[in-house]
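Novice: The following comprises the amino acid sequence and a computationally predicted model.
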Amino acid sequence: MDLLREFFARLHNFPDLIRWGGLTALTIIVFAETGLLVGFFLPGDSLLVTAGLLAAIDGRLSVLQMCVVISLAAIIGDTVGYGIGRYLGVKLYSRPDSRLFRREHLMKSHAFYEKYGPKTIVLARFVPIVRTFAPTVAGAATMDYRKFVVYNIMGGISWVCSMLLIGRFLAQHIPNAEKNIHWIAIIIIVLSFLPIAKEWLQARREKPSA
């Protein structure tokens with residue numbers, strides 16, 4: 001319980017969290033965000049970019065090792081999410097709202113899946129919140145499992161490795177990157193939510209006036 005409390009206390013400070021929990025914390029967070037419906041609030045994008053940045057600055061973590069281990073966690077996470085969707089089926093959509101579950105997020109992911117089809121499993125990796133619910137929606141829609149596996153592997157590797165490499169690139173090209181790491185993380189968070197903001201604004205425009 002103390003460990004969990006300490007984890008949440010450090011969650012707002014990515015460099016501190018990564019130095020405290022290392023690869024283990026990163027792996028657990030990515031798995032929870034992609035595999036458990038309650039993990040939608042976890043900051044995958046910005047955390048991975050920060051991890052790549054720190055790896056380039058102090059060398060405590062290996063970018064290659066993180067790419068392999070965390071990609072595997074992301075792939076397993078999506079597989080768990082898919083399994084939940086296959087098990088629950090349409091009952092998933094009648095689940096009531098709670099502190100850790102919002103039907104609204106599920107419906108947004110469903111709309112994303114309706115628009116992009118199987119490619120959602122790759123594209124959703126780069127969209128916060130949607131990436132948590134997309135594999136579950138795919139499972140509920142009985143997407144062919146072999147096709148899901150292919151897209152899952154592609155999406156997991158491309159998302160994790162690209163975020164880590166962006167972090168390393170920023171560390172190599174931004175002066176005093178370590179001193180500005182919190183601002184960099186904030187910018188990444190804002191940029192990662194732009195697709196959701198775009199979809200929301202588009203939906204507002206398309207909504208018929210009363």
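Specialist: On my side now, so go ahead.

Novice: Okay, helices next: where are they in this structure?
Specialist: 2-10, 14-35, 44-58, 63-88, 103-116, 120-123, 130-140, 145-173, 181-192, 194-206 (DSSP state H).

Novice: From Phe14, how far off is the closest residue in space to Leu72 that isn't next to it in sequence?
Specialist: Spatial nearest neighbour of Leu72, excluding adjacent residues (C-beta to C-beta, 6 or more residues apart in numbering): Gly156 at 7.8 Å. Placement of C-beta: from N, CA and C, glycine included. According to C-beta to C-beta, to the nearest Å, Gly156 and Phe14 sit 21 Å apart.

Novice: List the contacts of the spatially most central residue of the chain.
Specialist: The centroid of the chain falls nearest to Gly44 when counting by C-alpha atoms, centre = their mean (4.4 Å). By C-beta atoms under 8 Å, 6 or more residues apart in numbering, the contact set of Gly44 is Ile29, Val30, Glu33, Thr34, Pro128, Arg131, Met163.

Novice: Take stretch 60-69, keep the C-alpha atoms, and write them as PDB.
Specialist: Taking Å, rounded to 0.1, in the frame of the first residue of the first chain, the C-alpha atoms of stretch 60-69 are listed here in PDB:
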ATOM      1  CA  ARG A  60      20.800   5.000 -16.600                       C
ATOM      2  CA  LEU A  61      18.300   3.300 -19.000                       C
ATOM      3  CA  SER A  62      19.000   1.800 -22.400                       C
ATOM      4  CA  VAL A  63      16.700   3.000 -25.200                       C
ATOM      5  CA  LEU A  64      17.100  -0.400 -27.000                       C
ATOM      6  CA  GLN A  65      16.200  -2.300 -23.800                       C
ATOM      7  CA  MET A  66      13.200  -0.100 -23.200                       C
ATOM      8  CA  CYS A  67      12.100  -0.500 -26.800                       C
ATOM      9  CA  VAL A  68      12.100  -4.300 -26.400                       C
ATOM     10  CA  VAL A  69      10.600  -4.600 -22.900                       C
END
